[in-house]
Structures are given as structure tokens and as C-alpha cells.
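In: Starting from these lines, generate the structure:
(4 chains)
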Amino acid sequence: MNKIEAKNVDFYYGSFHALKGINIAIPTGEVVAFIGPSGCGKSTFLRLFNRMNDLIPGARLEGQILIDGNDIYDRSVDVDVLRRGVGMVFQRPNPFPKSIFENVAYGLRVNGVKDKAFISQRVEEALTSAALWTEVKDKLKESAYALSGGQQQRLCIARAMAVQPSVLLMDEPASALDPISTAKIEELICELSSQTTIVIVTHSMQQAARVSNKTAFFYLGEMVEYGETKKIFTNPEKEATQNYITGRFG
Amino acid sequence: MALQFDPAYNRRKRRLQTAVFGLFRLLSYAIALVLFVILGFIIVKGISVVNWTFLTQAPTDGMTGGGIWPAIVGTFYLMLGSALFAFPVGVVSGIYMSEYAPGGKLVAFIRMMTNNLAGIPSIVFGLFGMAFFVTYLDFGDSILAGSLTLGLLALPIVIRTTEEAFRDIAPSYREGSLALGATKAQTIWHVLLPMAMPRVITGLILSLGRVSGETAPILFTCAAYFLPKLPASIFDQCMALPYHLYVVATSGTDIEAQMPIAYGTAFVLIVIVLVMNLVAGLIRRHFEKKLNTK
Amino acid sequence: MKKWIDRLARRVFTVSGFVTSAVILLIIGFLFSEAAGLFRQPIVEEGYVLALNKSNTVDRLSAEEIKLLFDEDITNWRDVGGADMPVRVFRLEDLDRLYTEEELGAEYEHAGDKIAEQVRADRGIIAFVPTVLVEGRTDIHLVPDHTIPVKDVLLGTEWYPTATPSPIFGMVPLLAGTLWVSFFAILIALPFGLAVSIYMAEVAPPGVSRVLKPVIELLGGIPSVVYGFFGLAVIVPLLQQTFRLPVGESGLAGSIVLALMALPTIITVSEDAMRNCPRTMREASLALGATRWQTIYKVVVPYSISGITSGVVLGIGRAIGETMAVLMVTGNAAVIPTSILDPLRTIPATIAAELGEAPAGGAHYQALFLLGVILFFITLIINSCVELVSARNKTKR
Amino acid sequence: MVKFVENELQNIRKEISDMWMLVYEQLDNAYKSVLNADVTLAEQVAAREKRVNAFELKIDSDIEDFIALYNPVAVDLRFALAMLKINNNLERIGDYADSIARFVLRTELKPADRVLFEQLKLQQMYETALTMLKTTLSSLEHHDIAQAKSVFEIDETLDAINDQAIDVLVAYATEHPDAVRLCIELAGVFRKLERTGDHINNLAEETVFYIDAEVLKHRRTLAKDGDEA
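Out: Just a heads-up that it's a prediction; the model follows:
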């Protein structure tokens, strides 16, 4: 069963052809990593899955992107509902200027959940699943900015998980963190993969290798190779992939 | 308990957003409309008054006839005078802030003082000008006193733009020049000043625009209700467009006859301000384009 | 040579670096020295004195009491702490009515005697006469004068700077007028300002923002006297018709004009603040299924709140200090306003309107400088608030 | 330590341990088939050799993946490298067990040969080798360097028995010219057991390298020479 499917996706920023004819199928419950040099389109592609590129003026998509078999760019799709089901974690920790509790409760509140007891329960579950509960349970009312960078990023993951998304998009989630925090995030990714399908964009090939089951290599707007992570990292089919992962690039 | 979302809430929040954004758009257009109403009102009513005689004659018949030539000249003198004072002092002070001042508390203090100076109401400048330039330094009601008062008003604007213009120059230029053995003064003169010049000039023009429209500071330092002759020296009083507009619009014997003159004066004043803004904008745009193509 | 120029340049730069600080110190110094003189001024107009009958025990009169006495609003000495007897007001002009020129003498040399005569004759008399005429007399009771008390100025509710024999400088009506008109100006400007800045920063397509921004800047560039003129020519008649007012010049007219003038400041600063809100912050909210509006009021506005506050406070500062426009449209009645449709008068407008008529060095002149000092401090406090808010903003992240 | 890396390490450790047990069993069974002339057992050993080979490939590829995906450093890197070599050495030992079993299948052993085995101290030789193999595994599992180093001394015994066995075989072949073939085959068996000892030495060296980052390879012999001098 494929969670996400992209069919012949072409994407343009104005006249710039950012993504060229991409086909990919991401199976449910997998962790898929997108790697490639800067500007290769991997982040752009990721942001197509929750229609985040809608906000960019002059952006244009051709082809289809299906989640659970439904075209998410169909006119009848309510983009808020789509995004509720597709969580996202960003490059830098970006907690809202609110308390820790309110950060996690945010997704519930903006989607009309009003039951206080239920919200508290979900907040606890989400923080627990982000391995943060024991660290913050006594200071839920404090500002999220009081947390360390790594904790903030886990808070952002908890925030995304609170609405139980079936897909979690991660855009270089550990690139702004120190190695120990990075390790915690990676561990978290492995644990969350039992709850949701994860697509992660990363600059660090080691990270892709460590956390993902499948890896896609992007170069100049094209998807050069997509396959089992073990295969990509030991015996890639394309020379470009090999050059990139061995650092012999360019 | 399973997570469940209310589809009705979703529809509600969408509708709310449409309504709020619609309202915001309406208010924004309303503000733009207000500007056009003000400008349009003054332009439509004023343009018919303005002709060559209006621009080149002195007022006649107890302000109910004639033109505004002395006021235009007076405003020009005041702008020139304040520029002569504010530009050198302001630019040098701005350079000090960016290039010389030791960091930390001192700069923060000076910057705070500059910001405070910028925030002082113009009428307080007027009071100060009267007490200091007119009375204490005994310049009397004169172009000199008025220019200096207006210059003080323009000072913070000049300082701020100069400081920002210099601060935005990459340190590598300074280091490059210093590494060739140039002194700091040489570096500023030969390298930094030419680079910062366009933005500094933009700031200067904007400050002139502000000066040209100010009334309160010259009320007691320089402005004359009516002068048949043009000022002969910097110790003479002069007329000025904004003050003239104030006088013609609020006091006088024959309101009916004075109104067209008021519209004409307002029109000229607006044109000066618009031109100043336009020129500043053009210089900025030209400069930005040049930077981008580099 | 090169070194020498460099050193000279450094000195020149350093000196001019402190020019703003020096100007502020000068402003403080001159404003204060002029304003402080007010509290050394006698209550009764300088060169004059109040003379009473010997039997009258009243020894101290406040400026307000003097004004009431001379307006004949107080007609019995009982009311000011004296004996129960009717008040008779005597002015120098009365002398000419009662006596012939010969009796007074060509140089008024006998005027002192005649005044004393009158004062001796009536137990309830109060005479306002030049000091030179009655100086040193022991047959009449000269009310010892005292300086203007600080309390009467700062808390006084009446502003009659030209009243004789003793002007009243109660500043409360002016302060109230200033705050009242600024309050309504902000009340009008705030919803507009927030709506427009949010629209420009968050909602409008880039093309629209590109047009709106110079429009707003232009609105800020229009001279205040032009706003005043526009208010006078358009808004005032409009209000007069709409609310059927006897005069259209009112606090509301001032508030509308001030709102227009404060708007560009509020909009530009708040818009900048909102544009500084990181893009990912917005995206994080949208990615959770929030609408753009939810994102704006739940994330962007809280994030930029200190910048928005700065903008609003700067707008208030601009409104409080604005002179010409207010002077032209508010009607300039120095009374404590009860309704926004009443004419009122603000501190800057008072200074602008009255300084021209106040003789330099007199109490009135000094009172106007005191108003300037008050205005200076109000704006100084406002600016410091902005500095504090933005400094806190910087340390926050 | 990051959990998923730890899981991978655990997995490899278990595979090596299984491989080790498998090889040990092979060697043990080969021994028993020689001792008891048990052809069935010998056939089983020969059949299982394929499993040993497949297991070696599996472990090799797992370790390659581990290095490729997790970029191990320090102790993890030494572990991966040591296990890679231990894996190869174990496979070689497996090969020897296989050839010994094939010798049993080729040669019809007679009960009388047992006397010869006694003379050759086959049992002692064999049991020493098996003990070494077991000791080394235990030292790896318990991270016991002393235990690992103890193997090197036991290896001397193997060399001694092997040297002595040649003399015995020469004497036996002179006495029984019809048994020359058997003698040569047996010499091969002893040679293989002696080589097994060397491989076990390697296992011990790799174990010490993994635990302590101490390179004993070749040095050990140098040191011994030094002692003798």
C-alpha cells in the first residue's frame, strides 16, 4: 500500500524548472530520506506533499501527487484538512511564542478541538511520543523559548504529532542541532516510524543512512535514484549517486 | 479517545478568514482612498489657482490677492539654510556612530539620544529655537534662527540614514583599504563615502522634504505673516509656504477671497513634498539596481 | 602629515558624534531655565499690588480667588476667610472716574493718596493698583504677594493666562485635551493601522503591497499644516453637518486628522515587525491545518507584538506632539473636555497659539515653556518605552 | 549510545557468535567422525560446510552495510573490522573441519588406527584446538583480554604435538609401508589442526584489537624472539 505517490511531477518557480518528471511511491509506514546537493529540489518536492509551495507566488505544478490514492491538488481538496493530516517539522526549531503546553495544543485548537481534558491528554501523549514529557512535565506553562535547541525541536515534533498526522514531513530536522540532540532526533524518527509514514530531507547522508528504509537521490531537479537505503549506500546503480555519496561530487 | 475533528468548524474558520481578509482589504483601500482624496482635493482645487503670476508675485490686498513668491523663496532659503547646517553635522555624526564610536553602552546611549531627538515634537524645537537662537544668541526672528531650528529637526534623520548607509558596507572594504596602508580618514573619504553616498543623499532629500513642510519650529523663530520684499540677509525674517498656508487658512479678513490662495499654497507645498519623495525614491531605486547588477 | 589628518579627523568625528546629546541637553537646559521662572513669579501681575482696608484681615489670596473676586463671583469676604462684609472691587480705571485730572496731578503724583483715601473709606474694598503708587504706605493693608505654587499650576483646572490682576495657569485642561484627542486618535487609527499593516504584510498579493507601501509613505510625508488645512476645509464642515454642531471645530475633528497622521507610523513599523516574523513560523502553523487568519492572530501577531507596540506607541507620540493640524481644527477652547464633540485645546496648540502674544520673560511666556517641558517629558517617556520594548525584543531571541 | 546503532551492533555480535558456534560444532564433529570412523557424521560436516560459507557471506554483507550506513568510529569501527576478520578466520577453520571430514569419507579407517591416533596424541591435539576456540569466544563475549592472550601459549602445545606427530608418522610409515597414504593424510590433518591453531591465534589477536586497540599481529612473535635472545 502506497501512502504517497507522485506521478510525472514537474514544478516551476516562475520560469525556473525546479522539478523534472518525478515519479515516486512511498509505502505506508516507511521512513524515506531525500538526499542531494543544495538546490536539487528535494525540499521543494517535500513541500509539495502538504501544499506548502502554494504560498509562493508564481509556483506551478504539473502531474499528480496522491496521498492515500487521492489527488491532493484536486480542486475539492480542503488544504487545511490536508495539512492537518500531513505534519511538518522544519530545519530550525520554530516553537510559537507561547507556553510549551499551548505549542502542542495549537494544532488541536486551530482545528476546533475544545474539550480541555482531551487536549491535556493529547498533549501528554504527543510529548511522550516525542520523548520530551519527563523533561517538561513540570514546566508546561513556561515559554517554549526556555527550552534548549534540541528540546525545542522535539517540542516541534510533538506539536506536529499532536494531531496524529498519517504522514510526517521533516525538512532537515537536525541540521541546526548539536550531535547529541541530533542523535536524539534520529532515535525519535525511528520510534515514530511505527505511528506514521515519515519523509525526511537531509543534507547529511549519514543521517539518511541511519534513519531511513528507502532513499531517493535528487540532482538538478531530477530524481536520479530511489531504492533501499542499504542498496543506495553500498551499491548504487547510478554513477551520480555514487559520486555524491562518496563525496566525489562535481 | 480517538482524535476527531469537526468538519463544521473547518468551514467556519474558512468563512471567518474570508470575512476578515475582506474587511482588511476594504480598510486598506479606504486608507489609500483617503490619500487620493486629500491629494485630489488639493490638486483639483489648487491647480486652477496656480499660474505664473501666482508663483511669481507677492501677496496683495491684505492677503486676498496676488501670489506666493516670497513664501516660495522663504521656504527655499530655509531648506537651504537647514541643509547647510544639518548635512555636514549629521553626516559626520553618522560616520562617527558607524566608524569611530567604541561599541557598547556609549553607542547605545548616543543612539538613544538621537532617537529621542527624533521623537521630540516640532513645537518644542520651536520653543527651544526661540529661547536659544532668537533670544540667547540674539539672532532675532531671522532666517538664520529658523534654519538652525529646522536643521536640528532634520539632524536625527540625517544621522540615522548616514549611520545605516555606512553600517551596511561590508567590513571587507574597510579591511581591504586599511590593509593597503590607508589611514582611517583616507578609507572613509576614498572608499566608504562614495559607496554610502547614494543612500546618504536619499536621506538628505527626505529630511529636506520634512523640513519644507514644518510650521511649528519657524512660528516663533523666523516666519513672517506678510513681507512685501524678499529677505536681504540671513538676519531678516521671511515668509514660508506652510506658515503662509496656516495664516491664510485660519486668520484673515476675507475668508472667501483667501480660500483659493490657500488651495494654491497647499498645492505648491504638496508638489514640493511629492517631488522630494519621488527624487529620493528614484535615487534609491537607481542605486539598488546598480548594486544588484554588480 | 597623513597621520596628523587622521588624528584631526578622529577628533572632529568624535565631537560631532555627541551633537545630538548636546542638543538635547541644550533643549533641556533652556526649556527648564525659562519654565522654572514661572514658579518665581508673583501671583499678581508684576508691578501691581492688591490693597485692602486696614480692618480686613485677609492675608493670602490664591490666583483663583483673586479671579473670582474681580469677576464679582465672590461678593462677600466670608468666602475667602475674612469677615462678613460685601466686596467692592476697585481698579485703577475707577480712579479716573472718581477724581478729576487736577486732583490726581499731571504725573499722577497724588494718585497714591487718593487710592489710600478710597481704601480707607470702604472696609470691603479690594484695590488692584500699581505698586509704585502705594509702596510704603501704612494706612492701608497691602496683601503680601507670594509666588505661584506648583500645585496650582499642575493640578489647576483653569487656564486663563491673560486674566488680570492675576493670570491662572492651571494646566489640567490642556493636558486633558491633549490626552483626550490623542486617545480618540489612537482609537480610530489602531483598527485601521493593524488592519492595513496585516493586510500589507500578510494578505495582499505582492503587487498590491508594492503600490500600498509608497501610498502609506506619502501619507506620512504630507506636511501637518496641509492635514490641518484639509481638516479645516473638509472634515470640520462635514462633522458640523453630521452631528449638527454649533461649530465643527472639535476634538473629533482633531482626532480624525491625528489618526490620519499617526497611521503611517503605526503601519510602517508594525508591517516591518510582522515581516520580520520568520517564514517557518508561519509555515509551521499552516502545516498544522491552521488557516492563514488563525496563523496571523495566533502566531504572527503574538510574535511581532513588541514591534507592533512600538509602532502604536510611536504613533501616540506623534499624535501627542502634533501642533499645526490640531491647532487648526480643534477649536482651541481651554476647558476640560466632557465630550469628544466639544472644542478643546492641546498643549502644543496652546504653545503655538499663545507664544506669539506672550511678552518674553513674563509669567505667561514661562508657563508656555513649562508646557513645552511637560510635552518634552511625555515624548521622552514614550520614546524610552519604545527603546525598552525594542531592546527587550532583541534579547528575546 | 543511540539505540538503533546499538541494535545493529547486537545483531552482528549475535551472528558472529552463531557462526563461531557453528564452526566449533563442525570442528568437533569432524573430530568425532575421525575418532569413531563415523562416516555419517563426516557427511553431515561436509554438508554443513555450505552453511558456513553462506553464513560468512551474510555476515560480510551485514558488516559492510553497517559500515556504509552508520559510519562507525572508534570502538565501533574496531568492532566492525575485527568481526570482519574473525568472520574470515572462522570460515577458514570451517574449511579445515570440512577437509578433515572429507578425509574420513575418503579413507576407510580401521579400529586398529586408533593405536596410531593415541601415539600421535590426536585427541590431545584436537581437544587443545577446541579449547582454544572456546576460550577465545568466551574472551570475546566477556571482553577478557587476559583470557584472549592465554590462547597464544596454548598454541605452543599444538606446534609441539604437530612437530612430534611428523616423527611418529615417519616411523609408522617405515614400519607399515601399506599405510604410507594414511600417514600422509594424517600429516595433512595435523597440519590443518596446527593451522587451525594459527587462525584461532588470529581470532584472539582481533579480539584484543577490538577490546583494547592493541595490535598484536606479528609483534607477538617479535616479542617472543626477543625473550629468547
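In: show me the contacts for C:Thr291.
Out: Going by Cβ atoms under 8 Å, 6 or more residues apart in numbering or on different chains, C:Thr291 touches A:Asp80, A:Val110, B:Lys13, B:Arg14, B:Leu16, B:Gln17. To be clear about C-beta, it is placed using only N, CA and C from the backbone, and glycine gets the same treatment.
In: and B:Cys238, what are its phi and psi?
Out: Note on B:Cys238: its backbone torsions stand at phi -150, psi 170 [degrees, to the nearest 10].
In: now the closest residue to B:Ala257 other than its chain neighbours: how far from C:Tyr199?
Out: Closest residue to B:Ala257 apart from its sequence neighbours, by Cβ to Cβ, 6 or more residues apart in numbering or on different chains: B:Thr64 at 3.8 Å. B:Thr64 sits at a distance of 45 Å from C:Tyr199 (criterion: Cβ to Cβ, to the nearest Å).
In: which of these two has more neighbours?
Out: C:Tyr199 (25 against 18; other Cβ atoms under 10 Å in any protein chain shown).
In: What secondary structure category should be reported for that one?
Out: On the three-state scheme (DSSP: H, G, I helix; E, B strand; the rest coil), C:Tyr199 is labelled helix.
In: go on, B:Pro102?
Out: B:Pro102 ends up coil, using three-state DSSP.
In: So what's the residue count around it?
Out: 7.
In: Tell me the confidence at it?
Out: Predicted confidence (pLDDT) for B:Pro102: 76.
In: ok so, going back, close enough to count as contact, the residue nearest to B:Ala257 and B:Pro260?
Out: No. Counting by Cβ atoms under 8 Å, B:Thr64 does not reach B:Pro260; the two are 9.4 Å apart.
In: Okay, now the unreliable bits of chain A?
Out: A:249-250 (pLDDT under 70).
In: what does it put close to chain C?
Out: A:50, A:52, A:55, A:57, A:80-81, A:83-88, A:90-92, A:94, A:96-98, A:106-107, A:110-111, A:145, A:156, A:159-160, A:163, A:169 (Cβ under 8 Å from any Cβ of the partner chain).
In: which of the residues you listed are buried?
Out: A:50, A:52, A:80, A:83-88, A:90-92, A:94, A:96-98, A:106-107, A:110-111, A:156, A:159-160, A:163, A:169 (16 or more other Cβ atoms under 10 Å in any protein chain shown).
In: Now, those that are in strands?
Out: A:Val86, A:Gly87, A:Met88, A:Leu169 (DSSP state E).
In: And those residues, which is closest to C:Leu194?
Out: Closest approach to C:Leu194 among those (Cβ to Cβ): A:Met88, at 28.5 Å.
In: The closest one against C:Ala284, yeah?
Out: Yes. With contacts counted by Cβ under 8 Å, A:Met88 reaches C:Ala284, the gap being 7.0 Å.
In: How many residues are close by A:Ser38?
Out: When neighbours are counted by other Cβ under 10 Å, A:Ser38 comes out with 7.
In: Give the residue spans of chain D that score low on pLDDT.
Out: D:1-2, D:219-229.
In: Quick check: nearest residue in space to A:Thr182, chain neighbours excluded?
Out: In this structure, A:Thr182 finds its nearest non-sequential neighbour in A:Ala174, 4.1 Å apart by Cβ to Cβ, 6+ apart.
In: you'd agree that neighbour is in a helix?
Out: No. Going by three-state DSSP, the assignment for A:Ala174 is coil, not a helix.
In: Chain C versus that one, what's the distance?
Out: Going from A:Ala174 to chain C by Cβ to the nearest Cβ, to the nearest Å gives 15 Å.
In: Could I get the contacting residues of that residue?
Out: A:Ala174 sits in contact with A:Gln153, A:Ser181, A:Thr182, A:Ile185, A:Glu186, A:Thr202, A:Ser204, A:Gln207, where contact means Cβ under 8 Å, 6+ apart.
In: Listing partners with orientation, what would you give for the helix or strand of chain B with the lowest mean pLDDT?
Out: In chain B, the helix or strand scored least confidently by mean pLDDT, DSSP states H and E is strand B:65-66, which has a mean of 74. Strand B:65-66 has its sheet partners listed here by DSSP bridges as strand B:59-60 (antiparallel).
In: can you list the residues that contact the strand it pairs with?
Out: By Cβ under 8 Å, 6+ apart, strand B:59-60 touches B:Gly65, B:Gly66, B:Gly67, B:Ile68, B:Pro70, B:Phe226, B:Ile261.
In: Could you identify the most distant pair in the residues you listed?
Out: B:Gly65 and B:Pro70 (14.0 Å).
In: more neighbours, those two?
Out: For B:Gly65 versus B:Pro70, the count of surrounding residues by other Cβ under 10 Å is larger for B:Pro70: 23 against 14.
In: how near is that one to C:Ile222?
Out: Taking Cβ to Cβ, one finds B:Pro70 at 23 Å from C:Ile222.
In: so A:Arg47 sits in a helix?
Out: Yes. Under three-state DSSP, A:Arg47 falls within a helix.
In: show me the contacts for it.
Out: By Cβ under 8 Å, 6+ apart, the neighbours of A:Arg47 are A:Asn53, A:Leu169, A:Asp171.
In: State whether the second one and A:Val199 are indeed in contact, as I suppose.
Out: This points to A:Leu169. Yes. Contact criterion Cβ under 8 Å: A:Leu169 and A:Val199 qualify, at 5.3 Å.
In: where do the contact lists of the two overlap?
Out: Joint contacts of A:Leu169 and A:Val199 (Cβ under 8 Å, 6+ apart) are A:Leu46, A:Phe49.
In: picking that back up, for chain B, state which of the contacts of A:Arg47 is nearest.
Out: A:Leu169 (19.0 Å; Cβ to the nearest Cβ).
In: Pull up the gap between C:Leu368 and A:Val32, please.
Out: Taken as Cβ to Cβ, the span from C:Leu368 to A:Val32 is 76 Å.
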